[in-house]
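# one predicted model, sequence on top.
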Amino acid sequence: MLKAVVIITLVNSVLTAPSGVNFSPINEFSFNLLQNVFAYQENFGPQNLAVSPVSVWNIFSLLSGGASGATFAELSQLLRLPKDVRVTQDLHLASNSVLKVKNKDVILNKQAAMFVERELQIHPEFCESASKYNTEIYTVDASNTTKLANDINYFICMATEGAIKDAVKPDLLENLRLLLVDAMYFKANWTTPFDSRQTKRETFYDQQGRSIGDVNMMYQKAPNKIVYAAELEADVLELTYGEDKEFAMVIFLPDYGVPLKRVLNNLSTKPTDAWTKLLQNEEQMSSVECQVPRFKISSQLDLIQPLKYMGLYSIFDEMKAELPGISDSPLYVSKTIQKTELEVTEEGTVAAVATVVGLENRILGPSINVNKPFVYAIVNRRHNIVLFTGVYTNPSVV
Ligand SMILES: *[C@@H]1O[C@H](CO)[C@@H](O)[C@H](O)[C@H]1NC(C)=O
Ligand SMILES: *[C@@H]1O[C@H](CO)[C@@H](O)[C@H](O)[C@H]1NC(C)=O
Ligand SMILES: *[C@@H]1O[C@H](CO)[C@@H](O)[C@H](O)[C@H]1NC(C)=O
């Protein structure tokens, strides 16, 4: 399969406005998440990826409002939460307001919901902050996972204009008491569409220039911007959407011989300015020849492991999670999945994402799960003498 990294970035307006809100914490988190998802997925061979970090940021920043201790500290660091809680709230509200657009060229819609098991008592303050971020709150009978899955899938299907239909299966929802769902739909026409008569089957190469397959290559000669970002070791192409060009797809094409991994590392460690300034300062050339493959990516990601790579542990730990601001019943996050559908064509782009975060009851008191290799010994306790000892590393069903 071909490798491609796609980053849909909301240029200009998002990076500064509305009223001067600085979105750099969300952007830093975004490229850091992409880098870690890529590193994790690499274990399973080359794959195309699509993630929507802002959707993850929104859910976890809401959860951070109910977190304390190490759980809060890890969330603050991961999400780059500003020290002042009010600044975080403004950032969250501003991202919500930027993620709603409807004009003739661009539709962008984001919706959030919280599904609460009937018996679970959620603190009113947590419900209030959820409502403030436009989260719809539903009380449900979580024991009927078939019905719950239908309800959640219906919500996501409506929010994504039918682009994501079966986001969750009932078995994923076993034991969950609280679910946070964030769904986003984006549909936009290019400022200059590609001419489909010029789309041709062409070769796609790896970083060393070896042929690895074919794509339908689209072609256009139009006023786009390309810059070379030395700090990223990549060429940067900006393809805008709509007449007002408020949105764009930005493509980072690594230099010859430079692995994607390195560019991802540079994107996640350098300030976003490293390339946004270059694009802003670049004069728009009257015509740039662009060849971009037509592509479609469907991905379903379990984000817990990549988020652990990024330093978020305690919220996923059934013994250590500290979320007292949500409910008096101790909870931890046991599920975090994201499903994305993205299609780039001659006309434009359709992208939809659903993020589902599930919380279940924490185990109170000590517990241990012997589910990996271990050493054992049989001993006489009174005289403290070892009779047998060994290791167990090779599992079998006996
Ligand atoms: C994009 O263009 C198509 C066809 O030209 C049009 O039907 C559609 O409404 C436009 N807008 C969006 C948001 O797709
Ligand atoms: C669960 O909900 C489904 C759909 O609403 C319903 O048909 C089914 O009878 C319910 N199952 C139980 C065990 O209540
Ligand atoms: C890009 O990241 C790599 C590490 O993956 C680093 O060695 C290299 O110096 C970085 N490039 C720039 C221009 O900072």
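Looks like it arrived, so ask away. Ligands and ions are numbered 1, 2, ... in the order given.

# could you use CA atoms for every contact and neighbour count after this?
Noted.

# how about L93: what's its closest non-neighbour residue?
Among residues not flanking L93 along the chain, Y133 sits closest, at 6.2 Å (CA to CA, 6 or more residues apart in numbering).

# against I156, how distant is that neighbour?
Counting by CA to CA, to the nearest Å, the separation of Y133 from I156 is 17 Å.

# Q77 now?
Between Q77 and I156 the computed distance is 29 Å (CA to CA).

# which one's more surrounded, those two?
Applying other CA atoms under 10 Å to Q77 and I156 shows that I156 carries more neighbours, namely 31 against 14.

# what's near enough to touch that one?
Residues in contact with I156 (CA atoms under 8 Å, 6 or more residues apart in numbering) are 162, 164-165, 167, 183, 354.

# keep the residues you listed, but drop any that are not near ligand 2.
Residues of these in contact with ligand 2 (CA under 6 Å from any ligand atom): none.

# what about those, which one has the most neighbours?
Busiest of those [other CA under 10 Å] is A354, holding 32 neighbours.

# isn't that residue up against Q338?
Yes: if you go by CA atoms under 8 Å, A354 and Q338 touch, sitting 5.6 Å apart.

# wait, a strand at L93?
No: under DSSP: H, G, I helix; E, B strand; the rest coil, L93 falls outside any strand and is assigned helix.

# make sure it is actually in contact with A130.
No: L93 is beyond contact range of A130, at 11.0 Å (criterion: CA under 8 Å).

# where does D302 fall, phi/psi-wise?
D302 has phi and psi values of phi -90, psi 120 when expressed as degrees, to the nearest 10.

# need the nearest residue in space to I251, chain neighbours excluded.
Closest to I251 by CA to CA, 6+ apart is L237, at 5.1 Å.

# and the contacts of the strand or helix carrying that neighbour?
Using DSSP states H and E, L237 sits within strand 234-241. With CA under 8 Å, 6+ apart as the contact definition, strand 234-241 has outside contacts at 105-106, 188-192, 224-229, 246-255, 263, 275, 279, 348.

# which ones among these map onto helices?
Within those, residues falling in helices by DSSP state H are 263, 275, 279.

# in CSV: the residues you listed, plus distance to ligand 3, pLDDT and neighbour count.
Output for those, formatted as CSV (distance: CA to the nearest ligand atom, whole Å; pLDDT from 0 to 100; neighbours: other CA atoms under 10 Å):
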residue, distance to ligand 3, pLDDT, neighbour count
V263, 6, 93, 20
W275, 12, 88, 22
L279, 17, 89, 22
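
# now for the closest residue to ligand 3 within the stretch 251-398 of the chain, how many residues are close by?
Residue nearest to ligand 3 within the stretch 251-398 of the chain: R262 (3.9 Å; CA to the nearest ligand atom). Residues within reach of R262, counting by other CA under 10 Å, total 15.

# residues of the stretch 51-200 of the chain that sit close to ligand 1?
104-107, 187-189.

# gap between the closest residue to T393 other than its chain neighbours and H92?
Distances taken as CA to CA, 6+ apart put P373 closest to T393, at 4.4 Å, once the chain neighbours are dropped. Relative to H92, P373 is positioned 43 Å away (CA to CA).

# returning to what we had before: more neighbours, L93 and A130?
Higher neighbour count among L93 and A130: A130, with 21 against 16, using other CA under 10 Å.

# show me what contacts the more buried one?
Listed by CA under 8 Å, 6+ apart, the contact set of A130 reads 62, 136.

# ramachandran angles for it?
Torsion angles, degrees, to the nearest 10, at A130: phi -60, psi -40.

# any idea how far R210 is from it?
Taken as CA to CA, the span from A130 to R210 is 50 Å.

# can you name the residue of the stretch 201-350 of the chain nearest ligand 2?
K335 (21.6 Å).

# give the other helices and strands that the host helix or strand of that residue contacts.
Using DSSP H and E, the element containing K335 is strand 331-344. On a contact count with 3 or more CA pairs under 8 Å, 6 or more residues apart in numbering; DSSP states H and E, strand 331-344 meets strand 295-302, helix 304-309, strand 348-361.

# A70: which of these is closest?
In terms of CA to CA, the element of the helices and strands packed on strand 331-344 nearest to A70 is helix 304-309, at 13.8 Å.

# how far is the closest one from where the chain is centred?
In this view, helix 304-309 has its centroid 11 Å away from the chain centroid, taken as CA atoms, centre = their mean, to the nearest Å.
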